[in-house]
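J.: sequence unavailable; structure follows:
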């Protein structure tokens, strides 16, 4: 028990040290772990955090690795304060119905309204499905909806094509307050039409207690995962709490299957673009390889019994009750898990899920989403309010409230993560992660049918039956 | 006098119907300008769309089963609960109760009930040692539509029962007395008095149930969204997906035209069948 406590205390200390080194100690001082500007380091690319004062380990002209100031923003200079809004009321449309998000946003909005009397932000919140299906048309017809959110991929693309987003490229807060790498998902035809607020990791979450109890180490490749599943199953666990009945979340693991399925990110992006346009179909050699990963995992007993009937809620339940050591969804599920079982607070970490025995292109997945945009069709005054509120959301102290309440990493500089789950997982920002590839399938029908085909394979069908069938369905959809 | 009605009809039915016909001849994603494609959507739908035929089959099967069982159960319950005793009134309230719930709530309740690993239904079968009946209800292509059919019947039987009770209470008591004096058994009384006299109510119940089953969008959307592999998809869900998820407005307009044709065809068949019984 004492040993366990000591281990816990040590882990907490490490986490604290990381947080402090990443955020509190000035650059001129030495860091707890020895990171300081100009000093030598060992792991190229390793970052101490996402603050304007953070350091990154880089190779100099002399070939030596040293700590240098990380340039996370696209512009130069420190993060700026928010813009001042005029008086008036706007609507903020988004899809974060989760209680934690509501708690955070209600507080942020009331702070903003208190700071600027006469300015009001009214939230209009719909669940993701309803929002994705109806919000674009509703916002197009409603100029009061001056600020709105979109998710990365097909939905952002649809909104962008509708010419309803104001170009934010020249805003100072965009250049100086936001992690530049995370801006890509909000760009369209060279314009910054949205600012992705969340910095997510769509990687499996592991229950560290079970992991330590069973003395497991992270499998390094597909064979390792297959063997791990067999072992976990033999020990009575459901290896992966995979929600086959909820397409959107079932699809998260496909990011891991896709990320190392081609020789490079460019090659993978091309394959997905070709699949999206109908140039290739699911019977292509490349996709057969992806399907084969699912077959191997299925045959190793990785997925729950009756996997295609397991809903998202049931999968969370499997993980939260300790029946399953891994929830293959992402960091954004941690808040719900803690809600279901508070004892898991601080006992969740991310795992790399390398599902190849060949070349490793990436170790994990990240995604920038909950992209916030200003409505181009709103009145100028409402646009100014929306812009000011967006700049307020993108200040470190405010984003911190959102991050720590919702247990989501954010795409904003100078955020101090206090939550133990965020601290436990923030180190993934330094890993070789890939922007979630499944969202490169921009045609909703193609994306849905591709995921459905993989779900059918987990359900027990043979790729030889499923892939031609779904390829035909995709072809018919593209023809229509 | 008829002008307001004509305006409402034109505004809410005729104009949208004409607009729908126009859209069906276009390829339109609600973002770019509609492109006129003639009858291509119709040709595609009939010759190159397996999903359309699958959904047509699902919809007809779903409607047939729902109409059959909902009518049957509501009639049986009505016959047993037609007298206004205290117990009957309490039971009627109980059977009517699901009707007052929203479809989405009903969908969510049954989603939990059908859960293959935690659900009450599989738990019930497993406890009884009937593991063979513990199915992957909503996750399997072979059972999803039937599981939703059961839910739909459970959801609306009480409502139809009330309509039947109202109908049965209109049957003159003298007819039963005369039948009893003639020595008719309970079954004969049902066959020769109750059933023929309740055919007008049955026409109403069946027409209403048919429309209800074609419109079971919310229940299906909450439970399976038409999956797995479209095995529980019906026209209402398909059209929604084509419009809102795939942004193929022209094609969805074409689907909705066929939806109306199928609905009209089913209704005519049904009315012909019931009217022939009524005239007998």
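T.: On my side now, so go ahead. Predicted model only: the values in this text are computed from it and were never measured.

J.: alpha carbons only for contacts and neighbour counts from here, please
T.: Fine.

J.: anything in stretch B:252-272 near chain A?
T.: No. If you take CA under 8 Å from any CA of the partner chain as the test, stretch B:252-272 misses chain A, and the best it gets is 10.0 Å.

J.: following the strand or helix carrying residue B:126, which helix or strand shows up next?
T.: Assessed by DSSP states H and E, residue B:126 sits inside helix B:120-127. Note on helix B:120-127: by DSSP H and E, the next helix or strand toward the C-terminus is helix B:144-168.

J.: helices or strands up against the helix holding residue B:126?
T.: Judged by 3 or more CA pairs under 8 Å, 6 or more residues apart in numbering or on different chains; DSSP states H and E, the packing partners of helix B:120-127 are helix B:103-113.

J.: next, the buried residues of the helix it packs on.
T.: Residues B:103-104, B:106-107, B:110-113 are the ones in helix B:103-113 that count as buried (16 or more other CA atoms under 10 Å in any protein chain shown).

J.: one more: stretch B:68-82?
T.: Buried residues in stretch B:68-82, counted by 16+ other CA under 10 Å: B:69-75, B:77-79, B:81-82.

J.: circling back: with distance to residue A:153 added, can I get the buried residues of helix B:103-113 in a markdown table?
T.: As requested, these are exported to a markdown table (distance: CA to CA, whole Å):
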| residue | distance to residue A:153 |
| --- | --- |
| B:103 | 31 |
| B:104 | 28 |
| B:106 | 32 |
| B:107 | 29 |
| B:110 | 32 |
| B:111 | 29 |
| B:112 | 31 |
| B:113 | 34 |
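
J.: got a list of what the residue in the stretch 1-150 of chain B positioned nearest to chain A touches?
T.: Residue of the stretch 1-150 of chain B nearest chain A, by CA to the nearest CA: residue B:139 (3.7 Å). By CA atoms under 8 Å, 6 or more residues apart in numbering or on different chains, residue B:139 lies in contact with A:245, A:306-310, B:227-228.

J.: please repeat the previous calculation with a cut-off of 6 Å.
T.: Contact analysis of residue B:139 by CA atoms under 6 Å, 6 or more residues apart in numbering or on different chains lists A:308-309.

J.: now swap in residue A:471 and tell me
T.: Residues in contact with residue A:471 (CA under 6 Å, 6+ apart) are A:281-282.

J.: what about it, distance to chain B?
T.: Using CA to the nearest CA, to the nearest Å, residue A:471 is found at 12 Å from chain B.

J.: tell me the SS of that residue?
T.: helix (DSSP: H, G, I helix; E, B strand; the rest coil).

J.: how near is it to residue B:48?
T.: Counting by CA to CA, to the nearest Å, the gap from residue A:471 to residue B:48 is 13 Å.

J.: same check on residue B:103?
T.: Taking CA to CA, one finds residue B:103 at 33 Å from residue B:48.

J.: check residue A:443 too.
T.: Per CA to CA, residue A:443 is found 19 Å from residue B:48.

J.: ok, these two, which is more surrounded?
T.: It is residue A:443, of residue A:443 and residue B:48, that has more neighbours when counted by other CA atoms under 10 Å in any protein chain shown, with 23 against 19.

J.: need the residues that contact stretch A:436-445.
T.: With CA under 6 Å, 6+ apart, stretch A:436-445 has contacts from A:153-154, A:255, A:276, A:365-367, A:447, B:246.

J.: which of the residues you listed sits closest to residue A:102?
T.: Nearest to residue A:102 among these, counting by CA to CA, is residue A:367 at 21.4 Å.

J.: helix, strand or coil for the closest one?
T.: Counting by three-state DSSP, the backbone at residue A:367 sits in strand.

J.: and it, how far from residue A:175?
T.: Where residue A:175 is concerned, residue A:367 sits at a distance of 19 Å (CA to CA).

J.: check residue B:92 too.
T.: Residue B:92 sits 66 Å away from residue A:175, going by CA to CA.

J.: where's the residue of the stretch 101-250 of chain A found nearest chain B, which helix or strand?
T.: In the stretch 101-250 of chain A, the residue that lies nearest chain B is residue A:133 (4.7 Å; CA to the nearest CA). Assessed by DSSP H and E, residue A:133 sits inside helix A:128-140.

J.: tell me the confidence at residue A:450?
T.: On pLDDT, residue A:450 comes in at 97.

J.: still on that earlier bit, neighbour-wise, which of the contacts of stretch A:436-445 leads?
T.: residue A:365 (27 neighbours).

J.: the closest residue to residue A:308 other than its chain neighbours: how many residues sit nearby?
T.: The shortest distance from residue A:308 to any non-neighbouring residue, by CA to CA, 6 or more residues apart in numbering or on different chains, is to residue A:244 (4.2 Å). With neighbours defined by other CA under 10 Å, the count for residue A:244 comes to 29.

J.: could you point out the helix or strand that follows the helix holding residue A:133?
T.: Next helix or strand after helix A:128-140 toward the C-terminus (DSSP H and E): strand A:147-150.

J.: quick one: mean pLDDT for the helix or strand following that next one?
T.: Per DSSP H and E, the first helix or strand lying C-terminal to strand A:147-150 is helix A:154-161. For helix A:154-161, mean pLDDT is 90.

J.: how about helix A:154-161 against chain B, any contact?
T.: No. Interface with chain B: helix A:154-161 contributes nothing (CA under 6 Å from any CA of the partner chain), its closest point being 6.7 Å away.

J.: tell me which residues in that helix are buried?
T.: A:154-160.

J.: and the angle for it with helix A:128-140?
T.: Inter-element angle recorded for helix A:154-161 and helix A:128-140: 0 degrees (by axes from the mean of the first three to the mean of the last three CA atoms, to 10 degrees).

J.: those strands in the stretch 201-350 of chain A, which residues are they?
T.: A:205-207, A:326-327, A:348-350 (DSSP state E, counting those that start in this stretch).

J.: which strands and helices sit next to the shortest one?
T.: Spelled out, that is strand A:326-327. Applying 3 or more CA pairs under 6 Å, 6 or more residues apart in numbering or on different chains; DSSP states H and E, we find strand A:326-327 packed against strand A:205-207.

J.: redo that, cut-off 8 Å
T.: Short answer (3+ CA pairs under 8 Å, 6+ apart): strand A:326-327 packs on strand A:205-207, helix A:312-320.

J.: just the pLDDT at residue A:331, thanks.
T.: 88.
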